[in-house]
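Chemist: Below are the sequence and a predicted model for it; my questions follow.
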Amino acid sequence: MVTYRSVIAFVLMLLTTMLVSCSSVTETKLLSYTTAQVEEIQTYAGDLLELRDRLPELADLVQKENWTFVRNFIHGPLGELRTKMIYLSRNLLPNDQEKAAALAKETFQSLVALDAAAEKADYKVAVRNLSKTVAGLNDFLELVPKS
């Protein structure tokens, strides 16, 4: 009986050793950007920074209650804002993509609300949505990797 137990223990040890040595460990891929990805992201981020730098012009138009030019500015220079934000968000790391897409959507919704407020000449709503637009764009740009 003792030899039988010893043989079974030895066979189980061999089987365990073989299973452990034949199994493969999955490699964990570090989530990081390649140089090419960073360059592409920085190109779009530069475009967004230029648009953000033009937001004081929009604020000035809202302050002066120049609603026609507010709407023209939104549809003109800021017309590509959503497209650029969505494209950039798709190029971020997977854990940042969802947050970036949500920020892009919120920023665009506040810009649409600003346009609607300009159409109705509603100063308070326009100011509120302008500040939401600026904050959303700044939060979005925080997710962009630094070069």
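Modeler: Yep, that arrived.
Chemist: So for Leu12, what's the pLDDT?
Modeler: Reported pLDDT at Leu12 in the predicted model: 69.
Chemist: Check the one 10 residues further on too.
Modeler: According to the prediction, Cys22 has pLDDT 73.
Chemist: Quick check: it vs Leu15, distance?
Modeler: Using C-beta to C-beta, to the nearest Å, one obtains 11 Å as the distance from Cys22 to Leu15. All C-beta spots, glycine's among them, are computed from the backbone N, C-alpha and C.
Chemist: between the two, which one's more packed in?
Modeler: A direct count of neighbours by other C-beta atoms under 10 Å for Cys22 and Leu15 places Leu15 higher, at 10 against 7.
Chemist: next SSE after whichever strand or helix holds the more buried one?
Modeler: Leu15 is part of helix 2-22 when elements are defined by DSSP states H and E. Sequence-wise, the next helix or strand downstream of helix 2-22 (DSSP H and E) is helix 35-53.
Chemist: got a list of contacts for that next one?
Modeler: Under the criterion C-beta atoms under 8 Å, 6 or more residues apart in numbering, residues 33, 77-78, 80-81, 84-85, 87-88, 91-92, 134, 137-138, 140-141, 144-145, 147 lie in contact with helix 35-53.
Chemist: go on, stretch 68-86?
Modeler: Stretch 68-86 is contacted from outside by 44, 47-48, 51, 54, 57-58, 61-62, 100-101, 103-104, 107-108, 111, 114-115, 118-119, 126, 137, 140, using C-beta under 8 Å, 6+ apart.
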